[in-house]
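Engineer: I would like the atomic coordinates for the input below:
(2 chains)
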Amino acid sequence: MREHNRAAPPSRRIQRASRRRVNLAALTVLLAALLLLAGCGGDHSILNPAGPAARDIRLIWFVMLGFGTVVFIAVIALWLYTFKKRHVARTPAQERRIGRRWIIGGGIILPTLTVIALLMFGVPTGKRMLTLPLDEPPEVIEVIGHQWWWEVRYPGAEGGEVVTANQLMMPAGEPVDFHVTAADVIHGFWIPRLGGKIDMLPGRINRIRLEADEPGVFGAQCAELCGVGHAHMHLHVEALPRAEFDAWLAARSDEALAELAAQNAAFDAARDSFTQFCAGCHQVAGISASNIGPNLSDVGSREALGAGVMAMEEGAIYQWLRNHQTLKPNNLMPRHDDLDNDTLQDLGAWLETLTP
Amino acid sequence: MTTINRQATPQDPQEPEDGRTLHDDLHEIWGNPRGIKALTIVNHTTLGLRFMITGMAFFLLGGILSMLIRTQLATPDQNFMTPDIYSQVTTMHGTVMMFLFAIPVLEGLAIYMIPKMIGARDLVCPRLTSLGYFCYLFGGIILASSLVIEMAPNAGWFMYTPLSSSEYSPGLGSDFWLLGITFVEISALSAGVEIVVSILRTRTQGMALHKMPLFAWYILAMALMIVVGFPPLILGSILLELERAVGMPFFQVAGGGDPLLWQHLFWLFGHPEVYIIFLPAAGVISTLIPVFAGRPIVGYGWVVFAIIVTGFISFGLWVHHMFTVGIPQLAQAFFSAASMLVAVPTAIQVFVWLATLWLGKPKFKLPMLWVLGFLIIFVCGGLTGVMLALVPFNWQVHDTHFVVAHMHYVLVGGMLFPLMAGFYYWLPLFSGRMPSETIGRWGFWLTFLGFNGTFLIMHWTGLLGMPRRIYTYEAGNGWEIFNLLSSVASFVMSAGIAMVLIDIALHFRFGKPAKHNPWGADTLEWANAMPPSAYNFVSLPNIETRHPLWDNPDLPRTMAEGKHGLAVASHGRREMWGSDSITGKVREIVHLPGNSWWPFLAALALAVVCISLLTRLYPVAAVFVIVAGLFLLRWSWENGAHPKAAPDAEVNEGDPPLHSRTMSGPGVWAMATFSIANGSLFLSYLFGWFYLWTVSPEWRMPEASPLSLLVLVGAGVALTVGASIMEKLVRGLRARRDSGLMRGFYLSALLGAVQVGLVLWSLLSAGLEPTQTSHDAVLLVGLVYALFHGALAMILTAMQGLRVRCGYVGAHAPFEPAVVVQLWRYNLVTFWVLVGALGVLPRVMGG
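Structural biologist: Residues are numbered from 1 along each chain as shown, chains lettered A, B, ... in the order given. Predicted coordinates for the structure are as follows:
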């Protein structure tokens, strides 16, 4: 057998080599398919849509993937076949005709038809994400990217504009317009399970319309390189039923928040420390007005700290204040570990009560 | 050089009286010096190899960086690198691979191959090749050194502002990028210019455009695209460096600038760049397939058509990198359709190759393995490219690992695999030895499987929502297993690449000696000795077909025996044909300069400029700009009838005149090509002006223009009169009249000085505040551009006057004024446009 192998004519060896290649290719495809089936899910997955725009795009993707695979296999198979097929002597005129047929058919007609089909099929999809006028104007939420956190504003709230940070609550089952911009460098606003992304540019406002089918929590993180903290810029996105959303907003009116911040005299010392050490950058309604860093008026109600680097639980704010430069290297908040434990613990305990 | 032996003629090259062969004579003129003098070499074969070897060294650097990246991303919450180091590594990986590997290696291949394929003995501006090489080497070293001192750029390889601005990237990183890349781009541009001119003007007798090897068409397109495509980035880099160094707010919203202007300028370069890389690689494929199919390519005309269409379309696609920045819908639809349309010329080529194999008798040799690998990967990358051109889908996967995967499929598939195919194909020519099939196959399969393992999977990681450029990620999103698989596969790929490089390195010593034209190719480069001699061909043939070596297998022998054109060495000049750009009919003898220190010294001075700009030692930089300028002028002194060039214009009977004795030699074409590059820079500037004016969010147009129109018009009149004097002088030279030539040059130079003085006056009297508003900063840049060009024309013209006095220029050698007059024409057009755009339009349109 081995003898025979060595004596095999080159063409046969090529056949065998290409058969081996086909086997390898088949194996790869199988392996890939298995892996892919293993997971389309996940909080950030485009293939796990939770809104109409993302669902349309997933459909486009699978159609394109299917068509692309057919074209790919056909082209490669034809190429491989040229090495196997028997050579036929032809006249120059015949050769020219055959050549022209391949070039016009495969080189011009195939891509042109594909492109036309793709545009006809794909362009209308994008329309959904445009902020075209609606009969009933949608809720507008403003999102502003900072190094490395998110400022979220609700200009349409009944009791005056609500401002929060690193959490985005939106009404479910209705379109929402996001007006996005940036305070420093370019960031990218993207909630993969709801739809496409849009850049957040300093000096400009970009708009995108997204909708969540059902109430739920969706992952999001900054999509445009924005500096050393880029990987630690997560946004907690949650869709609420309309009534809950309204209640959520109502609980965050200026008066409500100011009242919340002022309650419980046991925290007077913490409030003093806050005024002394934090108020230069952070806002807590009724206490300070600066907005260099995230607004903390409802910080106790948030899911996470540091734009997603640690879960909010009892004592978390103290841990954050003590170790934030380790938890989120290079973040722009000055170190506070020169403050004694009591002050930090006290501050943390008070801030954790800010849960409207 | 001084003793001219007139006995050796093409008829009896092998029997000179002193026993020397023609080869020895040619070698004496063309041969390379050794030792320290190797720095003076201007020969394209040597420099082409240097480009390729240096490029491969940077490829290894880029590869090591990519392995660091894959190590970091292999598992969630890795601490292997800090975010800052990770950003430096990713930024440098992209930068090194694009600017220090892909472009220079392909240019090196073109520099090495083009003269050999078109039957020339060297490129048309050999000293420029050398300058280009040293600019590349020094720029590359400066850029790479930033990694060693942990000060590498970290704002991503496309350096988006404002992240790359001094406010958000305060260190030297961005400066390293901007200055280093601009320096390296001098190299790319100079190679681009001379390759264009070489292909158009120095093909051997009879090689009409339609008989040119396809590879030369591809390289011609690449070089033209470099000439047009690089200047926007050069402008962008200069503006951003000005913003960082002195605070001119071109890209700062608060000062009336716009960060999006950077993105436009970057991608105006960046998209053509993709095709600049792809076209020469496709040229390799179009060269190899006919050879291994044993028949001419099917549809030569279709391929040329596809190349030209690709070149044009590629300049209309840049916005598809910016679909998420919020540009108007109509523009998106246009760029989306255009991006998909580029699939047509690409598909034409894929099916041309298919048809060629279909109708031929394909042989499966090692280079073909890489061709097949190219096809599989590239078709896949092309398909995802069409998908990405669809705006809604783009909005989802933009800036995710899906795009990273797509880009690597296009660039590795579209460039690295064809390059390897080309290396294996041309190795016997480089070294005279054959590569090893066994190690080569192992290397291929490891690379191929490793590549697909890394990047096929990465598409999926992207679809699962993993953004690019995050230095770490948390477990729980389903990304872990795919990242781990990608990382493992990437190391398999690295092993494959290592094996290939070792194979190539070893073959230079251990490879079996190759027989002549081992693959049975049809193109002229295989008529060289293996490895080639410094002058390529003993005699330059008359080409009548697209496949000279198939139609006349005897050609290499007769060429080596000196039975064709220019088999003369007695005059001591480096000579080759200059031919008609279309028909290839010989028009003149091009005599080339010999080895020279000036390119090396000029590059060295420019390197000092680059380093002193980096370290903010501006006085030192200014001094060395002047030094570099002096070196370049000194270099240009040795042209024409200068004793070191061609003092003696005698040629053999029946041969055409020397190019320096005509008025349309390659230098005229080089100047014209350079003017295209310069014009592209100028248009990019105008684009920036109008873009900021109309689009920038906080642009402020002053009530009244600070520029005095009267002074500017005065400058324009001086320029116009100076230019018309130049035209008159050149017309006179064309009629072989040179009376009053020197006076005329001095007068023109004087008018140039008047223009410069008036522009300077208008600049100084305008009271600009370029650090306050982008409006004033843009005006300043425009006026400085005019000043620089006016001064350049003035100096070169005054130098022509001097050269007339020395007898190097005149009716007997009228070449150089025909070159210089083009600068005047260029200045005339751009200056009046500038006056219109900066001085008149704001007055007409209002703020």
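Engineer: B:Phe631 is in what secondary structure piece?
Structural biologist: helix B:618-637 (DSSP states H and E).
Engineer: what's the model's confidence in that helix, averaged?
Structural biologist: For helix B:618-637, the mean per-residue pLDDT is 95.
Engineer: Which residues does it contact?
Structural biologist: Helix B:618-637 is contacted by residues B:127, B:596, B:598-599, B:601-602, B:605-606, B:608-609, B:612-613, B:795, B:799, B:803 when judged by C-beta atoms under 8 Å, 6 or more residues apart in numbering or on different chains. For the C-beta atoms, the positions are set from N, CA and C on the backbone; glycine is no exception.
Engineer: Which residues belonging to that helix are considered buried?
Structural biologist: B:621, B:624-625, B:627-628, B:631-632, B:635-637 (16 or more other C-beta atoms under 10 Å in any protein chain shown).
Engineer: And stretch A:253-265, by the same measure?
Structural biologist: Of the residues in stretch A:253-265, those buried (16+ other C-beta under 10 Å) are A:253, A:256-257, A:260-261.
Engineer: picking up where we left off before, from the contacts of helix B:618-637, pick the one nearest A:Thr125.
Structural biologist: Relative to A:Thr125, the closest of the contacts of helix B:618-637 is B:Leu613; by C-beta to C-beta it sits at 48.6 Å.
Engineer: Give me the nearest residue to that closest one, chain neighbours excluded.
Structural biologist: Spatially, and ignoring its direct neighbours in sequence, B:Leu613 is nearest to B:Ala621 (5.0 Å; C-beta to C-beta, 6 or more residues apart in numbering or on different chains).
Engineer: how close does that neighbour get to A:Leu80?
Structural biologist: 58 Å (C-beta to C-beta, to the nearest Å).
Engineer: So the residue of the stretch 601-750 of chain B found nearest chain A, which state does it fall into?
Structural biologist: Closest approach of the stretch 601-750 of chain B to chain A (C-beta to the nearest C-beta) occurs at B:Pro697, with a separation of 4.3 Å. Under DSSP: H, G, I helix; E, B strand; the rest coil, B:Pro697 falls in the coil class.
Engineer: Just give the closest residue to it, not the sequence neighbours.
Structural biologist: Here the residue nearest B:Pro697, using C-beta to C-beta, 6+ apart, is A:Gly203, at 4.3 Å.
Engineer: thought the one you found was touching B:Gly256?
Structural biologist: No - applying C-beta atoms under 8 Å as the test, A:Gly203 and B:Gly256 come out as separate, 10.1 Å apart.
Engineer: returning to what we had before: filter the contacts of helix B:618-637 to the buried ones?
Structural biologist: B:127, B:596, B:598-599, B:601-602, B:605-606, B:608-609, B:612-613, B:799, B:803.
Engineer: is it possible to export the residues you listed to a markdown table including distance to A:Pro241?
Structural biologist: Compiled in a markdown table, the buried ones among the contacts of helix B:618-637 are given as follows (distance: C-beta to C-beta, whole Å):
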| residue | distance to A:Pro241 |
| --- | --- |
| B:Arg127 | 75 |
| B:Ser596 | 79 |
| B:Trp598 | 77 |
| B:Pro599 | 73 |
| B:Leu601 | 76 |
| B:Ala602 | 72 |
| B:Ala605 | 71 |
| B:Leu606 | 66 |
| B:Val608 | 68 |
| B:Val609 | 65 |
| B:Ser612 | 65 |
| B:Leu613 | 60 |
| B:Met799 | 81 |
| B:Arg803 | 86 |
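Engineer: Any chance of the residues you listed in a markdown table with pLDDT and secondary structure as columns?
Structural biologist: Output for the buried ones among the contacts of helix B:618-637, formatted as a markdown table (pLDDT from 0 to 100; DSSP: H, G, I helix; E, B strand; the rest coil):
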| residue | pLDDT | secondary structure |
| --- | --- | --- |
| B:Arg127 | 95 | helix |
| B:Ser596 | 95 | coil |
| B:Trp598 | 96 | helix |
| B:Pro599 | 96 | helix |
| B:Leu601 | 97 | helix |
| B:Ala602 | 97 | helix |
| B:Ala605 | 97 | helix |
| B:Leu606 | 96 | helix |
| B:Val608 | 97 | helix |
| B:Val609 | 96 | helix |
| B:Ser612 | 96 | helix |
| B:Leu613 | 95 | helix |
| B:Met799 | 96 | helix |
| B:Arg803 | 95 | helix |
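Engineer: for the chain, what are the low-confidence residue spans?
Structural biologist: In the absence of a named chain, this looks at chain A. A:1-25, A:31-39 (pLDDT under 70).
Engineer: wait, I meant chain B there
Structural biologist: B:1-19, B:846-847.
Engineer: residues contacting the residue sitting nearest the centre point of it?
Structural biologist: Nearest to the mean C-alpha position of chain B, counting by C-alpha atoms, centre = their mean, stands B:Ala188 at 3.1 Å. Contacts for B:Ala188 (C-beta under 8 Å, 6+ apart) come out as B:103-104, B:107, B:132, B:136, B:226, B:230.
Engineer: Now B:Ser708, what are its backbone angles?
Structural biologist: phi -80, psi 110 (degrees, to the nearest 10).
Engineer: quick one, what contacts the spatially closest residue to it that is not a sequence neighbour?
Structural biologist: Spatial nearest neighbour of B:Ser708, excluding adjacent residues (C-beta to C-beta, 6+ apart): B:Ser762 at 5.3 Å. Contacts for B:Ser762 (C-beta under 8 Å, 6+ apart) come out as B:707-708, B:711-712, B:715, B:783.
Engineer: which of these are buried?
Structural biologist: Buried, going by 16+ other C-beta under 10 Å: B:707, B:711-712, B:715, B:783, out of those.
Engineer: between those, which is nearest B:Gly270?
Structural biologist: Of the buried ones among the contacts of B:Ser762, the one sitting nearest to B:Gly270 (C-beta to C-beta) turns out to be B:Leu783, at 28.5 Å.
Engineer: Do I have it right that the closest one meets B:Val759?
Structural biologist: Yes - in this structure B:Leu783 lies within contact range of B:Val759 using C-beta under 8 Å: 6.0 Å.
Engineer: Are stretch B:228-243 and chain A in contact anywhere?
Structural biologist: No - judged by C-beta under 8 Å from any C-beta of the partner chain, stretch B:228-243 stays clear of chain A, getting no closer than 14.1 Å.
Engineer: So for that stretch, what gets flagged as buried?
Structural biologist: Quick answer for stretch B:228-243 (16+ other C-beta under 10 Å): B:228-243.
Engineer: Next, the buried residues of stretch B:166-185.
Structural biologist: Quick answer for stretch B:166-185 (16+ other C-beta under 10 Å): B:166, B:168-169, B:172-185.
Engineer: do the same with stretch B:697-714
Structural biologist: B:699, B:705-707, B:711-714.
Engineer: how distant is it from the center of its chain?
Structural biologist: 36 Å (C-alpha atoms, centre = their mean, to the nearest Å).
Engineer: Please apply the same query to stretch A:183-191.
Structural biologist: 11 Å.
Engineer: Start and end of that stretch, how far apart?
Structural biologist: End-to-end distance of stretch A:183-191 (C-alpha to C-alpha, to the nearest Å): 20 Å.
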